[in-house]
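Asker: got a predicted structure plus its sequence, pasted below:
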Amino acid sequence: MIGHLTRRIVGGAIVLLVLSALIYTLFYLAPSDPAILACGKGCTPERLADVRAAMGLADPVWTQYWHFLQGIFTGRDYSLGPTVRHCPAPCLGYSFETSQPVTTLLMDRLPVSFSLAFGAEILSLLLGIGAGLLSGTRRFRWFDRLVNGLVLAGYATPVFLVGLLLLLLFCVHLQWLPFPQYVPFTTDPLLWAQNLLLPWIALAVIQTAAYARLTRAGLQESLAEDHIRTARAYGIPERRILWRKALRGALLPLVTLTAVDLAGIITSAVLTETMFGLPGVGQLLVGAVNQIDLPVVVGVTLLTGLIMVLANTAADLLYAAVDPRVQLR
Amino acid sequence: MIRALLRDRGFVVGAVIATGMVLVAVTAPLLAALAGQDYTTYHDTLLDSARGGVPIGAFGGVSGEHWLGVEPGTGRDLFARVVYGARVSLGVAVGATILEVLLGVGVGIAAGLGGRWADAGLSRVIDLVLSIPSLVLAISLLAIVPQDWPRPLILAVVIALLGWGGTARISRGETLSLRTRDYVAAAQVAGAPWWRVARREILPGLTAPILTYAALLLPTNMVAEAGLSFLGVGVRPPTPSWGQMLSTATTWFRADPAYVIIPGLLLFLTLLSFVLVANGLRRVLDPRQREILR
């Protein structure tokens, strides 16, 4: 177990290292001048010279990359002409466009993306497992067909299309909800939920059906197993068999999927956030891309890479924790 | 096999719509000429300037001249933009899928037939590609690519470079299981060079699993293209794409709902038709796993 964990962590670290090296070289060897890119759109010749010096562009690439890596652990200073900007560890770079360390920018945006992802995941799990239980215990053929159809439709529907249609229906046509505008949870939990409701639904529409189908398949499989038959023979009430025994086996595959899907939502939140105007990490990325604010782009890419690695590791460990048959060596 | 496919109602409906969309994309200039419109001409007279440039008339200004109405703000003909948009959406998706299959099958066979070290090394690369947050990296890559490079080609290449991991993983697994078969061993013992083994003995065995997977990659890549164009890093104006239309629609949907519905419906229908085709293929080619997706 410990050995497995260490190996996963080392493996994840290697993935991140390669990813960062890849992004770094790609972006800093790109056909366009990185200093101009990092300097941003309103760039003066003096500032360009400063930025070039601050980024250490005179050094070879590997030295630059080494400084970048060092910055993550020890922080680093950027001298912009007479002023020195300190970027504390973990320093993922410095945004000359907004005059802020990239880490600060990311930390400001992360709560929004997490609110979006966790809410949507919980909603899809609740709806999906509920629907799966319903169709797994009582065999309604039309219900199964509906779920199957929704899985296909969900696969064929980009989230921004669902989002646009939801806005059109609930905010313009029916006028049940105001246009979403992010309110932090700490300010007003109720308004927070109300404004995130449509983005949550948009994401859940796409995922729920897949969960429902998995739950149903798992439930039918585990209800057919020997230990369930034994339990029935002992006269244990059906309701208790379902909740205590069958469900546990049925939800196994969902556990791993949840972790991976959660990371998927965060990394692809760019679309949802742009659609609903939520100020999360994804919107930060789109803004940075439009402003050609390179350090931020590198930072966001690394952060999402980290989230993916963490989620995959968590999925592995969770799977072993829930299913005693899986042995981690 | 074809008879089995034709019995699947979903497959038939999907195949008909998909073929129709491909035809629309191929004959886009013809269709636009037939309608007597092109996708770049502005028609200011058809817009209601008092309401901020919303098309005059019902459902986005549908008329005998402009079959699907005009674009709000510019008055460009929507029918012409939609048919040319099909070119970009389908072209990029098909191109990306072909590249992914070529790259993935190549790497997969190399990993499966190569020695232990080649396999270990290539498998790590495949794992890396699979664990990359592809949407984020695609946005970043598209942002730094010089603006004057041909945009649809770049889009296809970027999508493919970030998305070949799945094909490679499947090809590697299948190759590993195929190489233990007697006929492959026989060919190797007979002294066939590796490339002949790969082409004659392995590749035919890969066709079915790769075909089913690639059929599903196509709509995935279409969603990717639409998403990237939606975010403004896809094709450049005035080239139309459905994703880019939906992106413009976000500012117009209150005043002109038709402008959301037309490209949105087309995108949805096309994607659904490809998913139905993929589902049908999987049912017939891979009877063990009758349902697609997870």
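Answerer: Received, thanks. Keep in mind that this is a model prediction, so the values were computed, not measured.
Asker: quick one: least confident helix or strand in chain A?
Answerer: Scoring the helices and strands of chain A by mean pLDDT, DSSP states H and E places helix A:34-39 at the bottom, with a mean of 67.
Asker: next SSE downstream of that one?
Answerer: Towards the C-terminus, the helix or strand next in line after helix A:34-39, according to DSSP states H and E, is helix A:45-54.
Asker: distance from that following helix to the middle of the chain?
Answerer: Here helix A:45-54 shows a centroid-to-chain-centroid distance of 35 Å under the convention C-alpha atoms, centre = their mean, to the nearest Å.
Asker: again with stretch B:231-242
Answerer: That offset, for stretch B:231-242, works out to 15 Å (C-alpha atoms, centre = their mean).
Asker: for it, output the C-alpha coordinates as CSV.
Answerer: The C-alpha coordinates for stretch B:231-242 follow below in CSV (Å, rounded to 0.1, in the frame of the first residue of the first chain):
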residue,chain,number,x,y,z
LEU,B,231,-13.9,30.3,-27.0
GLY,B,232,-12.5,32.4,-29.9
VAL,B,233,-9.3,30.5,-30.5
GLY,B,234,-10.7,28.5,-33.5
VAL,B,235,-11.1,29.7,-37.0
ARG,B,236,-10.6,33.4,-37.8
PRO,B,237,-13.4,35.6,-39.1
PRO,B,238,-14.9,35.8,-41.7
THR,B,239,-14.6,32.0,-41.9
PRO,B,240,-17.8,30.7,-40.3
SER,B,241,-18.0,27.7,-38.0
TRP,B,242,-20.9,26.5,-35.9
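Asker: all helices of the stretch 1-150 of chain B, in order?
Answerer: B:2-7, B:9-26, B:28-35, B:58-61, B:78-113, B:116-131, B:134-144 (DSSP state H, counting those that start in this stretch).
Asker: tell me the mean pLDDT for the shortest one?
Answerer: The pLDDT scores in helix B:58-61 average 68.
Asker: got it, and stretch A:45-61?
Answerer: 72.
Asker: what of stretch B:12-20?
Answerer: On average, stretch B:12-20 scores 91.
Asker: now do stretch B:196-204
Answerer: 86.
Asker: can you list the buried residues in it?
Answerer: By neighbour count on 16 or more other C-beta atoms under 10 Å in any protein chain shown, the buried set for stretch B:196-204 is B:Val197, B:Ala198, B:Glu201, B:Ile202, B:Leu203. Any C-beta I mention is one placed from the backbone N, CA and C, and that applies to glycine too.
Asker: separation between the closest residue in space to B:Thr239 that isn't next to it in sequence and B:Ala138?
Answerer: Leaving aside its sequence neighbours, B:Thr239 sits nearest to B:Val88 (C-beta to C-beta, 6 or more residues apart in numbering or on different chains; 6.4 Å). Here the criterion is C-beta to C-beta, to the nearest Å. By it, B:Val88 lies 16 Å from B:Ala138.
Asker: one step back: mind checking the helices of the stretch 1-150 of chain B for the one nearest to B:Leu265?
Answerer: helix B:78-113 (10.2 Å; C-beta to C-beta).
Asker: ok now that closest one, how far from the chain's centre?
Answerer: Distance, centroid of helix B:78-113 to centroid of chain: 6 Å (C-alpha atoms, centre = their mean).
Asker: what helices and strands are in contact with that helix?
Answerer: helix B:9-26, helix B:28-35, helix B:116-131, helix B:151-163, helix B:165-178, helix B:203-230, helix B:242-252, helix B:258-285 (3 or more C-beta pairs under 8 Å, 6 or more residues apart in numbering or on different chains; DSSP states H and E).
Asker: got a list of what B:Val235 touches?
Answerer: Applying C-beta atoms under 8 Å, 6 or more residues apart in numbering or on different chains, we find B:Val235 in contact with B:Val88, B:Arg151, B:Pro152, B:Leu155, B:Ser229, B:Ser241, B:Gln244.
Asker: any idea how far it is from chain A?
Answerer: For B:Val235, the distance to chain A (C-beta to the nearest C-beta, to the nearest Å) stands at 15 Å.
Asker: in a strand, that residue, correct?
Answerer: No: B:Val235: not assigned to a strand; according to DSSP: H, G, I helix; E, B strand; the rest coil it is coil.
Asker: next one: phi and psi at it?
Answerer: phi -70, psi 150 (degrees, to the nearest 10).
Asker: try the one 5 residues further on
Answerer: Backbone geometry at B:Pro240, expressed as degrees, to the nearest 10, gives phi -90, psi 150.
Asker: from the stretch 101-250 of chain A, which residue is nearest to chain B?
Answerer: A:Ala156 (3.6 Å; C-beta to the nearest C-beta).
Asker: give the contact list for that residue.
Answerer: Here A:Ala156 is in contact with B:Pro219, B:Phe268, B:Leu271, B:Leu272, B:Phe274, B:Val275 (C-beta under 8 Å, 6+ apart).
Asker: 7 Å - rerun?
Answerer: Applying C-beta atoms under 7 Å, 6 or more residues apart in numbering or on different chains to A:Ala156 gives the contacts B:Pro219, B:Phe268, B:Leu271, B:Leu272, B:Val275.
Asker: can you turn the buried part of those into a PyMOL selection?
Answerer: Selection of buried members from the contacts of A:Ala156 for PyMOL, criterion 16+ other C-beta under 10 Å:
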select buried, chain B and resi 219+268+271+272+275
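Asker: and the closest residue to B:Ala25 other than its chain neighbours, how far is that from chain A?
Answerer: Counting by C-beta to C-beta, 6+ apart, B:Ala86 is the residue found nearest to B:Ala25 once chain neighbours are left out, at 4.1 Å. In this view, B:Ala86 and chain A are 16 Å apart by C-beta to the nearest C-beta.
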